[in-house]
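[1] Provided below are the primary sequence and the corresponding predicted coordinates.
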Amino acid sequence: MESLKSEVIVVGGGIAGIVCALELLDTGTQVLLLDRDLEENFGGLARESFGGMFFVGTPEQRRVKVADSPELALADWREFAQFGEDDHWPRRWAEYYVNQCTERGYRWLKSLGIRFFPIPHWVERGLHTRGNSAPRFHLVWGTGRELARVLAGRLLAHPMRGRLELRFGCRVERLLAAGGAVTGCAGGTEVGGAPFEAQGGCVVIAAGGINGSIERVKANWHADWGTPPETILNGSHRYADGTLHDAARAAGAAVTHLDRMWNYAAGVHHWRPRKPHHGLSLVPPRSALWLDASGARIGPQPLVTGFDTRELVTRICERPPGYSWQLLNRRIALKELAVSGAEFNPSIRDKKWLAFARDLLLGNRWLYQELTRNCADFVLADSLEELVEKMNAPAGGHKVRLENVREAVRRYDETVREGPPWRDEQLERIALMRTYRGDRIRTARSQRILDPGAMPLIAIREFIIARKSLGGIRTDLQCRALDEGGAPVPGLYAVGEAAGFGGGGMHGLRALEGTFLGGCVLTGRAAAAAIGGASRPAHRTG
Ligand SMILES: Cc1cc2nc3c(=O)[nH]c(=O)nc-3n(C[C@H](O)[C@H](O)[C@H](O)COP(=O)(O)OP(=O)(O)OC[C@H]3O[C@@H](n4cnc5c(N)ncnc54)[C@H](O)[C@@H]3O)c2cc1C
């Protein structure tokens, strides 16, 4: 049994753990960071992420003439979240987020060298409840990979680096307690399984959510979504399996709202999987027709992305077998096809302005080819008859009916041909989105499906993809883990997705987006401030 020792033990080297460790080093605190993954994956999910961050009242917003304020953002957040009566700490964290995100997130990151795309995206505008009344999704220039690279780089080059020990391949399985306080943790190594024990003044859980385990996702499936679909793809961290949630619970902490998740509706199979059920989350093309498994258009209210992601998931789960199709053509695909994350956005990830502008103006041909050539969930054809035949090719799938598809396309194309005022809510919504500069350039203008100049036709089979855990370990504003009665569990802290991004679920039911990475930064900093608290900053990182 190997014995390790440190003043503070951080479990998890994702963005939340890195930020916490970085700020602890600022106060001269000794840190041991344990991660189950390989060193090359240091940075966790943030490395793979798109890098959008929710901020309020920024120069980027003012540049596009958007007036925003914490009051407006909080009102949006509260409506979208639909907090329950008992959600005391989630509400407090929501308030903390909107009031502090720009000072303790945006400005801090900028001081470390992070840059943001000049036009914020307008996502989650709200459908039956109000969502973002302003664009707030600030994309890191370089995606989440740049965010992780800069923060990990700062940590590794810190003047107090000697006070930091990093251990990879260490799977933490349980917490250790003495005298009523958490004093350490224990587990085994990934290779060889050699056991270890780590002792410290306190433990910070930064081990991510539960959505990396499809079994846990299904076991905690929200009642609003009925029975979980048989196929749910994995869009989370392979080690985000809830082991540390169980350990925290065993140590006395309350774990709340695990049935609240931010899953997406348009997952497709990764053709080079790095984990079981590995999925990619498409940004669903807005001008595509969204069909159920039989090929009928989902309605009467059509599905359109950009308003309420949870609603999309709910509507698809209502219809067995819980997957859907999107029908489009090449012209729409070139303009609107996108995948969330660093892997399939090379021009943004590698900070290539020219390539980025070319893709925006001429269409993203590289992505079109990658997806249509490699992804098993894409089928292409020159006629609806041939397309439906190919849609029905996979054995065991639900039967797509040609007459359903034909009818959906005929009606839609007819409405497009008639022009405005639109008799179709999807076209109305597209017109609304196109009034914002940031969306106009990425959204086709009222495009017919059977347009001979826009061929071939494309059908994409889309599954629910599990992504973020909105619930987690209940914490106060100092990130101290709280027990069922609301008292701190001595020696135990939780940050990032493990803590439901603050309070055990600061998003309530729905997220305004970009609040995940932001929540990791804010909780990581808050925990470090509370732990390193009284000591004066010895070395500033900024
Ligand atoms: C493709 C993609 C795109 C995304 N885009 C965005 C976006 O644009 N905006 C946004 O806000 N969010 C986005 N997210 C979500 C965001 O990236 C995550 O919510 C966030 O990075 C979680 O960080 P974390 O530090 O809490 O946890 P993680 O990144 O999950 O890190 C947890 C770490 O803990 C380790 N660990 C787990 N279990 C153990 C154990 N038992 N012992 C030791 N170590 C353990 C893991 O190896 C991992 O390194 C995206 C996510 C993905 C996958």
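    Sure thing, it's come through.
[2] pretty sure Glu124 is touching Thr305, no?
    No: between Glu124 and Thr305 there is no contact under CB atoms under 8 Å: 9.7 Å. Glycine gets a C-beta too; all of them are placed from N, C-alpha and C.
[3] From the ligand, how far off is the closest residue in space to Val379 that isn't next to it in sequence?
    Computed as CB to CB, 6 or more residues apart in numbering, the closest residue to Val379 that is not its neighbour in sequence is Lys390, at 4.1 Å. Counting by CB to the nearest ligand atom, to the nearest Å, the gap from Lys390 to the ligand is 28 Å.
[4] list the contacts for Lys390?
    Taking CB atoms under 8 Å, 6 or more residues apart in numbering as the criterion, Lys390 is in contact with 379-381, 459.
[5] Quick check: which element contains it?
    helix 384-391 (DSSP states H and E).
[6] in that helix, what's buried?
    Within helix 384-391, the residues that count as buried by 16 or more other CB atoms under 10 Å are 384, 387-388, 390-391.
[7] What's the local residue count around the residue nearest to Asp241 when sequence neighbours are not counted?
    With CB to CB, 6+ apart as the criterion, Asp241 has its nearest non-adjacent residue at 4.1 Å, and that residue is Ser213. Counted with other CB atoms under 10 Å, the neighbours of Ser213 add up to 22.
[8] Pull up the gap between Ser213 and Thr243, please.
    Plainly put, Ser213 is 9 Å away from Thr243 if you go by CB to CB, to the nearest Å.
[9] and the residue in the stretch 301-450 of the chain that the ligand sits nearest to, what does it touch?
    Among all residues of the stretch 301-450 of the chain, Gly341 sits closest to the ligand, at 3.1 Å; criterion: CB to the nearest ligand atom. Contacts for Gly341 (CB under 8 Å, 6+ apart) come out as 48-50, 143-144, 280-281.
[10] These also near the ligand: which ones?
    Restricting the contacts of Gly341 to those near the ligand by CB under 6 Å from any ligand atom leaves 48-50, 144.
[11] Tell me the buried residues within those.
    48-50, 144.
[12] which pair in those spans the largest distance?
    Farthest-apart pair in these is Glu48 and Phe50; separation 8.8 Å (CB to CB).
[13] so what's in contact with those two at the same time?
    With CB under 8 Å, 6+ apart, Glu48 and Phe50 have common neighbours 144, 341-342.
[14] closest to Gly188 among these?
    Once CB to CB is applied, the member of those that ends up nearest Gly188 is Gly144, at 29.7 Å.
[15] Contacts only, for that closest one.
    15, 45-51, 341-342, 517.
[16] among those residues, which two are most distant?
    Longest span within the contacts of Gly144, CB to CB: Ile15 and Gly341, 14.2 Å.
[17] can you pull the contacts of Phe116?
    Contacts of Phe116 (CB under 8 Å, 6+ apart): 53, 58, 60, 106, 110, 138-141.
[18] pull the CA atoms of whichever strand or helix holds Lys218 into PDB?
    If you go by DSSP H and E, Lys218 is part of helix 214-219. Taking C-alpha atoms only, helix 214-219 is exported to PDB below (Å, rounded to 0.1, in the frame of the first residue of the first chain):
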ATOM      1  CA  ILE A 214     -25.100   5.000 -19.400                       C
ATOM      2  CA  GLU A 215     -26.300   2.500 -16.700                       C
ATOM      3  CA  ARG A 216     -26.400   5.400 -14.200                       C
ATOM      4  CA  VAL A 217     -28.100   7.700 -16.700                       C
ATOM      5  CA  LYS A 218     -30.800   5.100 -17.300                       C
ATOM      6  CA  ALA A 219     -31.200   4.400 -13.500                       C
END
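[19] From here on, call the first residue 27.
    In the new count, where the first residue is 27, that last one comes out as helix 240-245.
[20] which parts of it are buried?
    Applying 16+ other CB under 10 Å to helix 240-245 flags 240, 242-243 as buried.
[21] what does stretch 113-129 give?
    Result for stretch 113-129 [16+ other CB under 10 Å]: buried residues 113, 115-124, 126-128.
[22] Which residues of the stretch 427-568 of the chain lie near the ligand?
    Residues of the stretch 427-568 of the chain lying near the ligand (CB under 6 Å from any ligand atom): 494, 522-524, 540-543, 546.
[23] Tell me which of the residues you listed fall in helices.
    If you go by DSSP state H, those have 541-543, 546 in helices.
[24] Redo those residues as TSV? Include neighbour count and pLDDT.
    Below are these laid out as TSV (neighbours: other CB atoms under 10 Å; pLDDT from 0 to 100):
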residue	neighbour count	pLDDT
Thr541	29	98
Phe542	28	98
Leu543	26	98
Cys546	34	98
